[in-house]
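> Generate coordinates for the sequence data below:
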Amino acid sequence: MCGRYSLHSNPDVIALMFGLSQIPAQQPRYNIAPASRVLIIRHGEAAALALHVRWGLVPRWAKDPSIGAKMNNARAETVAEKPSFREAYRKRRCLIPANGFYEWKLESGLKQPYYIYPSGGALFAFAGLWEQWQDLQTCAIITTAANEKMAAVHERMPVIVSPAEYSLWLSGGDIALRPCPATAIDIRRVGRAVNNARNDVPELLDPEPGAGSKR
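The predicted structure is shown next:
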């Protein structure tokens, strides 16, 4: 799964990476949690469009938006068939920029957080879906099985779309919803302050004292 992530790059850098003329005002975020307003990139009428939506997909047929609390992630293995996601998978795809994401591993009876980030220093682009429910726009992150490096921490990870496939994904084309190469990510152990979603400061990304990165 993917339950927390960060996005703190300069907006101009985000716009350049995704071929956008501009993006909405974007404050640095270091601990983005479900139900937050998050930045997505999707097809607009004439070109790619960046906007903020709520994280937690609400299907068009939902009776009320509370269902979104259970729809933060969509599994790659079932996204094309599951009623909650299949229409969005066919018609409403998006990319979700991120500098990295967090995952937790049970160690000595405690949930230890790790931060997973691009080995080359670039942004991730998570494969996502978006939906419109009345006047509310929402999204979900597609996850897949972990690659061999990520598997040391957790069994799942977001699907990370390569820049060469951005347009294909957004236009509804077929791409492999599989884990990225292990060489594309680095992992570091971080402090437990990230466990509290109210904490949202740059120091959350710092390595835990005495901890190194998994390369």
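> how many neighbours does Ala164 have?
8 (other C-beta atoms under 10 Å). (Each C-beta comes from the backbone N, C-alpha and C, glycine too.)
> Over to Leu106?
Leu106 has 8 neighbouring residues, counting by other C-beta under 10 Å.
> before we move on, what about Lys63?
By other C-beta under 10 Å, 6 other residues sit near Lys63.
> Next: Lys105.
So Lys105, with other C-beta under 10 Å, has 13 neighbours.
> Mind telling me what element it is part of?
Counting by DSSP states H and E, the element that carries Lys105 is strand 100-107.
> Counting by contacts, list what that strand packs against.
The contact analysis (3 or more C-beta pairs under 8 Å, 6 or more residues apart in numbering; DSSP states H and E) places strand 100-107 against strand 4-7, strand 110-118, strand 156-158.
> residue boundaries of the strands in the protein?
For the chain, the strands defined by DSSP state E occupy 4-7, 29-32, 37-43, 48-55, 73-75, 93-98, 100-107, 110-118, 124-133, 136-145, 156-158, 185-189, 213-214.
> Take the first one, keep the C-alpha atoms, and write them as CSV.
Put plainly, it is strand 4-7. Extracted in CSV, the C-alpha atoms of strand 4-7 (Å, rounded to 0.1, in the frame of the first residue of the first chain):
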residue,chain,number,x,y,z
ARG,A,4,2.0,8.6,3.3
TYR,A,5,4.3,10.5,0.9
SER,A,6,6.1,13.8,0.4
LEU,A,7,6.1,16.5,-2.3
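> Now do it: distance to the chain's middle.
Taking C-alpha atoms, centre = their mean, to the nearest Å, the mean C-alpha location of strand 4-7 is offset from the chain mean by 7 Å.
> rewinding a little: who wins for proximity to Lys91 among the helices and strands packed on strand 100-107?
Lys91 sits nearest to strand 156-158 of all the helices and strands packed on strand 100-107, at 20.9 Å, using C-beta to C-beta.
> can you tell which of the strands of the chain is closest to Ser21?
Nearest of the strands of the chain to Ser21, taken as C-beta to C-beta: strand 48-55 at 9.5 Å.
> And the contacts of the closest one?
Under the contact criterion C-beta atoms under 8 Å, 6 or more residues apart in numbering, strand 48-55 has outside partners 14-15, 18-20, 22-24, 32-43, 68, 72, 130, 136-141, 170.
> still on that earlier bit, check the strands of the chain for me and report the most buried one.
Of those, the one with the most neighbours on average (mean count of other C-beta atoms under 10 Å) is strand 93-98, at a mean of 26.
> what residues does that one touch?
Taking C-beta under 8 Å, 6+ apart as the rule, strand 93-98 contacts 5-7, 9, 14, 17-18, 38-42, 123-130, 139, 141, 158, 161, 166, 169-170, 172.
> residues of stretch 58-67 that come out buried?
Val58, Pro59, Ala62, Ile67 (16 or more other C-beta atoms under 10 Å).
> what's the closest of these to Phe101?
Taking C-beta to C-beta as the measure, Phe101 lies nearest Val58 of the buried residues of stretch 58-67, at 22.1 Å.
> how close does the nearest residue to Ser36 once chain neighbours are set aside sit to Phe85?
Spatial nearest neighbour of Ser36, chain neighbours left out: Trp55 (5.4 Å); criterion: C-beta to C-beta, 6 or more residues apart in numbering. Using C-beta to C-beta, to the nearest Å, Trp55 is found at 14 Å from Phe85.
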